[in-house]
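In: the amino acid sequence is not available; the structure is as follows:
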């Protein structure tokens, strides 16, 4: 334990000296990262240094080489850590979203990825040619299938399906008999695209997709569709470290929809509940414990009245999903012990949606990594892989595996390094 403490203190001193050399205050650095000043203070005192996501953000902000903090360089296919130019929350037009996507260097392109991005671009002939035959029900069914593919982590099939679906939905918007419903369906397709792009680490094009989703959601006039699109907007803001703006956006929108939960249908409640969970994630990433607790408490209240947890459900919101987000929040705060205690009963529970099952085990792996329990973290990742193999290959998880492998300096876990190579993470 003494060696761990000494290493943590050295990391804290490195951060403090780098900040002082830059002539910056704790508040200045913390604000730039979307954190509270107390979070940086804890780091400089050697507390919370197990959270590799926070360490990477601080290293990027202060120009500290990653290896000095005991971190590995990110995988080549991981998302760039440089933030794109700050986006105003209210700039939701197609042009603004397109500019944002062009500013962020994309991940290595594939033909399917290029097709999806083209389908998101503004203009009458962007994306795939439409094959819509004028019937609405097939569009509804295909959109349900797309949502199921996301929940089951069949990302490759989903990426191949979305361009044609978006093209047909855009064609259907010309039929004014179903204008509002079609706008809502199209918003959902754009939201699903946003979620997929975030999984792939493509924040630039996620801005493009969420801009389209917000525009169609407002056109639909459906508060449920709008709340769901706001949730994805907050997700993109959080990924880009604009956590305070994300919290404000969620709080404002949820405040208009909250209350009288026993009088609303499940679809409405799921949208509100998921929005609150997104607020909890943003608040915890920003180090705001009070706001995190506020969002989670309200989400638990909503979950008393609804439980949608099947892969083919319209949305995945249930008491179990609330509990998984509470685990994730504890990991974000560096409270690994609390996170693992909260995760223990969930590990024994049947969780129907593979994406949610994988999320639980990935968060457990992060917590184990924070405690230096690399063998248990590796086992958690292997379980996550059995739940959703494609999910474990996304850039954020690859970064976690890289950090775990880097911490095993004596290579006492050859299976971890084999796993790392199998995922394509550099040594």
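Out: Yep, that arrived. These numbers were taken from a predicted model, which means no experiment stands behind them.
In: what mean pLDDT does the helix or strand containing residue 157 have?
Out: Element membership for residue 157 (DSSP states H and E) is helix 155-172. Taken as a whole, helix 155-172 has a mean pLDDT of 93.
In: after that helix, next one along is what?
Out: With DSSP H and E, the next secondary element past helix 155-172 is helix 179-199.
In: ok so, going back, elements contacting the helix holding residue 157?
Out: Judged by 3 or more Cβ pairs under 8 Å, 6 or more residues apart in numbering; DSSP states H and E, the packing partners of helix 155-172 are helix 111-120, helix 137-151, helix 179-199, helix 389-392. C-beta coordinates here come from the backbone N, C-alpha and C atoms, glycine included.
In: of those, give the one that comes closest to residue 35.
Out: Closest to residue 35 of the helices and strands packed on helix 155-172, according to Cβ to Cβ: helix 179-199, at 20.8 Å.
In: for the closest one, buried residues please.
Out: Neighbour-count burial for helix 179-199, counted by 16 or more other Cβ atoms under 10 Å, picks out 181-199.
In: avg pLDDT for stretch 336-352?
Out: If you average the pLDDT over stretch 336-352, you get 96.
In: which residues sit against that stretch?
Out: Contacts to stretch 336-352, defined as Cβ atoms under 8 Å, 6 or more residues apart in numbering, come from residues 50, 309-311, 320, 323-324, 326-328, 330-331, 357, 360-361, 363-364, 366-368, 370-371.
In: buried ones among those residues?
Out: For the contacts of stretch 336-352, buried by 16+ other Cβ under 10 Å: 50, 309, 311, 320, 323-324, 326-328, 330-331, 357, 360-361, 363-364, 366-368, 370.
In: for residue 69, grab the count of nearby residues.
Out: For residue 69, the count of nearby residues is 18 (other Cβ atoms under 10 Å).
In: with residue 379 instead?
Out: Each residue near residue 379 was counted by other Cβ under 10 Å, and the total is 17.
In: which stretches of the stretch 151-300 of the chain have low pLDDT?
Out: Scanning the stretch 151-300 of the chain for pLDDT under 70 picks out no residues.
In: mind listing what's buried in stretch 417-427?
Out: Going by neighbour count (16+ other Cβ under 10 Å), the buried part of stretch 417-427 is 417, 419-420, 423, 425.
In: still on that earlier bit, now for the helices and strands packed on helix 155-172, which one comes closest to residue 160?
Out: Residue 160 lies closest, by Cβ to Cβ, to one member of the helices and strands packed on helix 155-172: helix 111-120, at 5.3 Å.
In: that closest one vs helix 155-172, what angle?
Out: Using axes from the mean of the first three to the mean of the last three Cα atoms, to 10 degrees, the inter-axis angle of helix 111-120 relative to helix 155-172 is 20 degrees.
In: mind starting the numbering at 36 from now?
Out: Right, with 36 as the first residue, what we last looked at is helix 146-155.
In: residue 435: what's it in contact with?
Out: The contact partners of residue 435, taken as Cβ under 8 Å, 6+ apart, are 87, 397, 400-401, 404, 416.
In: need these in a markdown table with secondary structure, pLDDT and distance to residue 173, can you?
Out: Formatted as a markdown table, the contacts of residue 435 follow (DSSP: H, G, I helix; E, B strand; the rest coil; pLDDT from 0 to 100; distance: Cβ to Cβ, whole Å):
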| residue | secondary structure | pLDDT | distance to residue 173 |
| --- | --- | --- | --- |
| 87 | helix | 79 | 45 |
| 397 | helix | 97 | 35 |
| 400 | helix | 97 | 40 |
| 401 | helix | 96 | 41 |
| 404 | helix | 94 | 45 |
| 416 | helix | 97 | 39 |
